[in-house]
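*Asks:* A structural model of the following input is requested.
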Amino acid sequence: MINNSNIFIHPKAKIRKSTVINPFSYIDENVVIGDNCLISNNVTIYSGAQIGNNVKIFPGAVISAIPQDLKFSGEETTSIIGDNCIIRECATINRGTKEKGETVIEKECLIMAYVHVAHDCIIKNNSIVVNAVQIGGHCEIDEYSTVGGGSVMHQFSKIGKYSMIAGGSIIRKDVPPYCKAGKNPLTYMGVNSIGLKRRGFKNVQVNIIQEIYRILYLEGLNNSQAFSKISKEINECKEKTDILNFITKSDRGLIKGISSY
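*Replies:* So this is what the prediction gives:
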C-alpha cells in the first residue's frame with residue numbers, strides 16, 4: 001500500500017501489496033520487499049536490497065547504499081534483511097563487495113538508531129546492535145549477541161554467539177561466544193550467565209562454559225596451551241565445540257583477560 005504520490009518506486013522493484021510505504025521514501029530498481037513490511041517516511045532503499053517479511057524500517061534509514069570501499073567497482077551485490085527485523089532511525093546498511101557479494105542481517109534483529117553496518121558484514125539471528133554502533137567491513141556478529149551503544153567494531157572482527165559487549169567499547173579483536181566484554185582495551189569480563197539463563201541454558205551448561213573460560217583466561221596459559229587443555233579436560237558438548245571452533249577460526253586474535261594486562 002502506498003500512502004500518497006510523494007514516493008518514488010522504480011517500476012522494476014518487487015514489493016508485496018501488504019507492505020506499507022509512507023511519503024517521501026525512495027525505492028530503487030532491483031529491490032525486493034516481502035509481506036507486511038512498514039517502510040516509514042524518508043527511507044531510502046537502493047538497488048540490491050532484499051528485505052524479508054514483517055520488517056519495520058524507520059525514518060531516515062538508508063539500505064543497500066554502495067560500499068564505502070575504494071576497491072568497489074560497481075559490481076552487482078546485495079544487502080539482505082531477514083524476517084521480523086527492526087531498523088531504527090538513520091541506520092545505514094551498505095551492500096556487499098565482490099569479495100562476499102552480500103551484507104546480511106538475519107531474522108529477528110534490532111538495529112537501533114544511527115548504527116552503521118558496512119559492506120560484507122554478517123549479523124546473525126536475534127542480535128541487538130544499540131544506538132550509534134559503527135561496524136567496519138567484513139565483521140561478524142553471531143546470534144543472540146548485544147553490542148552496546150556507541151561501540152566501534154574494527155573491520156574483520158568477530159563477536160561470538162550470546163555475547164554482551166559494553167557500551168562505548170572499541171572492538172579490535174575477536175570476542176568468543178557466551179562472554180561479557182568491557183573496559184579499554186576490551187577485556188573478558190566473565191560469562192554472560194544472566195543472558196544465557198534467560199535463553200534457557202541450564203546451570204550445568206553455564207558451569208561448563210565458566211570452566212572453559214577459567215582455563216582460557218585465568219590460568220596464565222597462552223591460547224594454544226589453553227586450547228589443548230580444554231580439548232583434553234572438558235567433556236564433549238555443544239558449548240565446548242562452539243568455543244574451540246571460534247578460537248580456531250579467529251583471524252584477529254582473541255580479547256585478553258583482566259590478568260593479561
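
*Asks:* can we go C-alpha only for contacts and neighbour counts from here?
*Replies:* Noted.

*Asks:* Now for residue 166: which residues touch it?
*Replies:* Counting by C-alpha atoms under 8 Å, 6 or more residues apart in numbering, residue 166 touches 147-149, 151, 180-183.

*Asks:* among those, who's most crowded?
*Replies:* Highest neighbour count within the contacts of residue 166: residue 181, with 27 neighbours (other C-alpha atoms under 10 Å).

*Asks:* partners of the helix or strand hosting that residue in the sheet?
*Replies:* Under the criterion of DSSP states H and E, residue 181 resides in strand 179-182. Sheet partners assigned to strand 179-182 using DSSP bridges are listed as strand 164-165 (parallel), strand 187-191 (antiparallel).

*Asks:* Do I have it right that residue 188 meets residue 255?
*Replies:* Yes. Counting by C-alpha atoms under 8 Å, residue 255 is a contact partner of residue 188 at 6.5 Å.

*Asks:* Would you mind telling me which of those two has the busier surroundings?
*Replies:* For residue 188 versus residue 255, neighbours defined as other C-alpha under 10 Å are more numerous around residue 188 (23 against 19).

*Asks:* how close does the more buried one get to residue 98?
*Replies:* 34 Å (C-alpha to C-alpha, to the nearest Å).

*Asks:* For residue 120, what are phi and psi?
*Replies:* Per-residue torsions, residue 120: phi 70, psi 20 (degrees, to the nearest 10).

*Asks:* re earlier: looking at the strands paired with strand 179-182, which is closest to residue 204?
*Replies:* Nearest to residue 204, of all the strands paired with strand 179-182, is strand 187-191, at 13.3 Å by C-alpha to C-alpha.

*Asks:* Buried ones in the next helix or strand after that closest one, by neighbour count?
*Replies:* Next helix or strand after strand 187-191 toward the C-terminus (DSSP H and E): helix 193-198. Of all the residues in helix 193-198, those buried under the rule 16 or more other C-alpha atoms under 10 Å are 193, 195-196.

*Asks:* ok, so of these, who is nearest residue 116?
*Replies:* Set against residue 116, the nearest of those by C-alpha to C-alpha is residue 195 (24.9 Å).

*Asks:* Report whether the expected contact of the closest one with residue 162 is present.
*Replies:* Yes. Counting by C-alpha under 8 Å, residue 162 is a contact partner of residue 195 at 7.3 Å.

*Asks:* list the contacts for residue 79?
*Replies:* Residue 79 is in contact with 48-50, 63-64, 93-96, 102-104, counting by C-alpha under 8 Å, 6+ apart.

*Asks:* Between the contacts of residue 166, which sits nearest residue 69?
*Replies:* Distances from residue 69 to the contacts of residue 166, taken by C-alpha to C-alpha, are shortest for residue 151, at 20.9 Å.

*Asks:* Confirm for me that that closest one is in contact with residue 170.
*Replies:* Yes. Contact criterion C-alpha under 8 Å: residue 151 and residue 170 qualify, at 5.8 Å.

*Asks:* So, low pLDDT: which residues of the stretch 1-150 of the chain?
*Replies:* Along the stretch 1-150 of the chain, the model assigns pLDDT under 70 to residues 1-5.

*Asks:* Which ones among the contacts of residue 79 lie within strands?
*Replies:* Mapping those onto strands (DSSP state E) picks out 49-50, 63-64, 93-94, 102-104.

*Asks:* possible to save the residues you listed as CSV with distance to residue 136?
*Replies:* Putting the ones in strands among the contacts of residue 79 into CSV (distance: C-alpha to C-alpha, whole Å) gives the following:
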residue, distance to residue 136
49, 19
50, 21
63, 16
64, 15
93, 11
94, 10
102, 14
103, 12
104, 14
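
*Asks:* which of these tops the neighbour count?
*Replies:* Busiest of the ones in strands among the contacts of residue 79 [other C-alpha under 10 Å] is residue 93, holding 31 neighbours.
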